[in-house]
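Participant: Okay, predicted coordinates and the sequence, questions at the end:
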Amino acid sequence: MRTAKAQLVKYSRKAHERGLTAAFGGNLSIRVGDLVFIKATGSVMDEMTPEQVAVVALDGRQISGVKPSSEYRLHLAVYRERPDVKAIAHLHPPYSIVASALLTGELPILTPEAEIYLGKIPIAPFRPAGTEELAEVVAEKIREADAVLMERHGIVTVGRSLREAFYKAELVEESAKLWYLSRK
């Protein structure tokens, strides 16, 4: 429990430092058995503390006294869809958001590294943030991919650890940036 919270604090701060999210945006989670540790609602990632980590059960019951991020439905839907996933990064990197607004289908893969670690990056159609509808479209796309762009919203990446999910998020943003720069 303490390790999961420490990991969430570490990678939340790192995501903000690397420009993968700003202000109140984004959230990370770790699954431990049937429990999900996730950023609390209203928390800012570059100021995260262990006390700002909420705990919810896979069935959606709030376990901790701290209220989870409004995107907890998205995290739970992904964990239910992909039992192999142990961590999720949901971030708002700028190039990925721009790409999701300009493209349909998939983000083109331009580097061998992205091909190896991501394979493909589908784009989920726009749905309002924090809704069950958004959770459903992301869970559908994540069935066959470890990274999804959400139209005009951000990204979701998954991994067997938070470290893996985080670095996949960096790779998605690099892919979006390279695609954007190659358009000129």
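Facilitator: Cool, the structure landed. Note that the structure is predicted; figures quoted are calculated from it, not measured.
Participant: Burial check on Leu134, number of neighbours?
Facilitator: 22 (other CB atoms under 10 Å). For every residue, glycine as well, the C-beta is placed using N, CA and C.
Participant: Kindly report the same for Ala23.
Facilitator: 10.
Participant: Can you tell me how far Val9 is from Gly130?
Facilitator: Plainly put, Val9 is 22 Å away from Gly130 if you go by CB to CB, to the nearest Å.
Participant: what about those two, which has more around it?
Facilitator: Val9 (20 against 15).
Participant: Show me what counts as buried in the helix or strand hosting that one.
Facilitator: Under the criterion DSSP states H and E, the helix or strand holding Val9 is helix 2-17. By 16 or more other CB atoms under 10 Å, the buried positions in helix 2-17 come out as Ala4, Lys5, Gln7, Leu8, Val9, Tyr11, Ser12, Lys14, Ala15, His16.
Participant: Stretch 152-172 now?
Facilitator: Buried residues in stretch 152-172 (16+ other CB under 10 Å): 153-159, 162, 164-172.
Participant: Likewise for stretch 39-52?
Facilitator: Lys39, Ala40, Thr41, Ser43, Val44, Met45, Met48, Gln52.
Participant: Enumerate the beta-bridge partners assigned to the first one.
Facilitator: Beta-bridge pairing for Lys39 (DSSP bridges): Val53.
Participant: Could you report the separation of it from Ala57?
Facilitator: Lys39 is 17 Å from Ala57, by CB to CB.
Participant: how about the helices in this protein?
Facilitator: Secondary structure of the chain (DSSP state H): helices at 2-17, 72-81, 94-102, 112-117, 132-142, 162-182.
Participant: if we can go back for a sec, rebuild the buried residues of helix 2-17 as CSV, extending it with distance to Leu118 and pLDDT.
Facilitator: Output for these, formatted as CSV (distance: CB to CB, whole Å; pLDDT from 0 to 100):
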residue, distance to Leu118, pLDDT
Ala4, 25, 92
Lys5, 28, 94
Gln7, 22, 96
Leu8, 23, 95
Val9, 26, 95
Tyr11, 18, 96
Ser12, 22, 95
Lys14, 19, 95
Ala15, 18, 95
His16, 22, 94
